[in-house]
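Engineer: Here is a sequence together with a model predicted from it:
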Amino acid sequence: MMEPAQSEILSNGKSHDLGGEMVVPMKMMQEEDVFDDPDGALENEEFLPSGDGKKNIHFTDFEGKTSFGMSVFNLGNAIMGSGILGLSYAMANTGILLFLFLLTAVAALSSYSIHLLLKSSGIVGIRAYELLGYRAFGTPGKMAAGIAITLQNIGAMSSYLYIVKSELPLVIQTFLKADPESHLWYLNGNYLVMMVSASIILPLALMKQLGYLGYTSGFSLSCMVFFLSAVIYKKFQIPCPFEEFSANSTAEHLSLNVSSHGHEYNNGLVHEDDCTPRLFKINSQTVYTIPILAFAFVCHPEVLPIYTELRNPTQKRMQKVSNISILVMYTMYFLAALFGYLTFLGNVEPELLHTYSRIDPYDTLILCVRVAVLTAVTLTVPIVLFPVRRAIQHMLFPTKSFNWLRHIGIAMVLLTLINMLVIFAPNILSIFSIIGATSAPCLIFIFPAVFYIRIVPKEDEPMNSVPKILAACFAALGVIFMVMSLSFIIIDWSTGGGLAAGGH
Ligand SMILES: NC(=O)C[C@H](N)C(=O)O
């Protein structure tokens, strides 16, 4: 196992201690971090003190070119994904106030964990999550972080493509007024997923820099703003209790098989006894709330790549990018959850969009919302794929420099794998509750905290200093979340529950 940062840094080259903020020439990273250089040269980044002796750090071998705003879009897009569709369900199982409390807690903890990542990254000059793991714990640390990133992001991407598979045929069928019984190829979700992957996602995933995706991220976020506006608008349109779309209706023909999400909701089986929203509520499904929220706020694998490409990168500036993104997503998450819940109360389904289909699957506004959500999640896939490819490169080809063939090859293999998962796994959604309960707490809580404790030199912050004690508590909190969520989910499954939480 490797010793923590300082002794190694000193043995690897000169280090500068700027009043507690160590800045280090990155010669030592050449062997490990060879994929991040946006200009294509071998990795040779340096964090050097700025001339005026401020604590700022900057890269000297290339300039990050992505503006502050574009970085906010990219990080916002990384945060916002299918997680938003599960939040109303989470609120239905916690009540409004408990949900607000948990949402606030997860958002604040998420921002604190980005602070830990950025500070560790500033000290050793590493800008990849898995390499922080390497710096802290050697190969096991790198592998643990790399595997967690791969699992989490493959889970997230599969859930996005699953939405494409289930929603796109319905949208096309309605717009073309096609007969649902006709086995037309363009109504087959599997073909559609493959086509969307090949024609939209793959070209975007081949971009060498995340910064180029700022425009698509901005567009993706505006689609989600449209989704949110429609959810708010619909709340005032749909009466309570709502009327189910007729049982013999096309809904059945359209195969709106909501039971694929783990619950039977036939003919309004589940009914809230009154139309009063609950402020507090606890039931067997409440245990899924933290995995759902944790999943919804994961963006940590993307933070360091976005930091790398930020113009004038300083820890403070990147923290600002993160805080703004988290704050905006927090607001959107709360509004979407609240109005989705107020519309359907106890009848809300694990995937919000499905619930609207129970009222009228042909509603034009809801169809447009489906298109918007489809677009948003499709455009998020390349952002989420980026750190997985990097983690794979760091795990499998640690000493190789950038190579276009490998860059393209890994993206194609990953997309093929995710397509196969989405096409062949009948109920991949239940996998996500496990992923939401394991890799999400690792990436948000446990790893940033333990990497921080190992990386920040004891001379700067002894083990009994406040920041390190806080970080240790943070890691412990992550372990508690993980153990609790996992055991509750296992109990729920074994007693016949079994909801796919964490991603939809
Ligand atoms: N980026 C991720 O891993 C998931 C994302 N936070 C979502 O809600 O879909």
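Structural biologist: Here it is on my side, so go on.
Engineer: Show me the helices in the stretch 1-150 of the chain, by range?
Structural biologist: 5-12, 68-79, 87-92, 96-124, 129-176 (DSSP state H, counting those that start in this stretch).
Engineer: near the ligand at all, the longest one?
Structural biologist: Yes: judged by C-beta under 6 Å from any ligand atom, helix 129-176 and the ligand are in contact via Q152, N153, A156. No exception for glycine: its C-beta is placed from N, CA and C like everyone else's.
Engineer: Residues of the stretch 301-450 of the chain that sit close to the ligand?
Structural biologist: Proximity of the stretch 301-450 of the chain to the ligand (C-beta under 6 Å from any ligand atom) is limited to residues V384.
Engineer: any low-confidence regions in the stretch 301-450 of the chain?
Structural biologist: In the predicted model, the stretch 301-450 of the chain carries pLDDT under 70 at residues 425-433.
Engineer: and with 80 instead?
Structural biologist: 361-362, 425-436 (pLDDT under 80).
Engineer: in the stretch 351-500 of the chain, what residue is nearest the ligand?
Structural biologist: Nearest to the ligand in the stretch 351-500 of the chain, going by C-beta to the nearest ligand atom, is V384, at a distance of 5.2 Å.
Engineer: For that residue, give me its contacts.
Structural biologist: A78, G81, N153, A156, M157, Y160, P301, E302 (C-beta atoms under 8 Å, 6 or more residues apart in numbering).
Engineer: switch the cut-off to 7 Å
Structural biologist: Going by C-beta atoms under 7 Å, 6 or more residues apart in numbering, V384 touches A78, N153, A156, M157.
Engineer: again with L327
Structural biologist: With C-beta under 7 Å, 6+ apart, L327 has no contacts at all.
Engineer: how about 10 Å then?
Structural biologist: G76, A107, S111 (C-beta atoms under 10 Å, 6 or more residues apart in numbering).
Engineer: Tell me the spacing between it and the ligand.
Structural biologist: Distance, L327 to the ligand, by C-beta to the nearest ligand atom, to the nearest Å: 15 Å.
Engineer: Then L116?
Structural biologist: Counting by C-beta to the nearest ligand atom, the gap from L116 to the ligand is 18 Å.
Engineer: What about that residue, how many residues nearby?
Structural biologist: L116 sits with 26 neighbouring residues when counted by other C-beta atoms under 10 Å.
Engineer: do the same with V479
Structural biologist: The burial count assigned to V479 is 14, neighbours taken as other C-beta under 10 Å.
Engineer: Same question for W404.
Structural biologist: 10.
Engineer: Surely it is in contact with L206?
Structural biologist: Yes: counting by C-beta atoms under 10 Å, W404 does reach L206; the two are 8.8 Å apart.
Engineer: Redo the contacts of V384 as a markdown table? Include distance to L414 and neighbour count.
Structural biologist: Converted to a markdown table, the contacts of V384 look like this (distance: C-beta to C-beta, whole Å; neighbours: other C-beta atoms under 10 Å):
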| residue | distance to L414 | neighbour count |
| --- | --- | --- |
| A78 | 16 | 28 |
| N153 | 9 | 28 |
| A156 | 12 | 31 |
| M157 | 8 | 31 |
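Engineer: and L117, what is it in contact with?
Structural biologist: Taking C-beta under 10 Å, 6+ apart, one finds 129, 132, 300-301, 303-304, 307, 318-319, 322, 443-444, 447-449, 451-452 in contact with L117.
Engineer: now with 7 Å?
Structural biologist: Contact partners of L117, counting by C-beta under 7 Å, 6+ apart, are H300, V303, L304, P448.
Engineer: Which of those residues has the largest number of neighbours?
Structural biologist: P448 (30 neighbours).
Engineer: in the strand or helix carrying it, what's buried?
Structural biologist: Using DSSP states H and E, P448 maps to helix 447-455. Buried residues in helix 447-455, defined by neighbour count with 16 or more other C-beta atoms under 10 Å: F447, P448, A449, V450, F451, Y452, I453, R454, I455.
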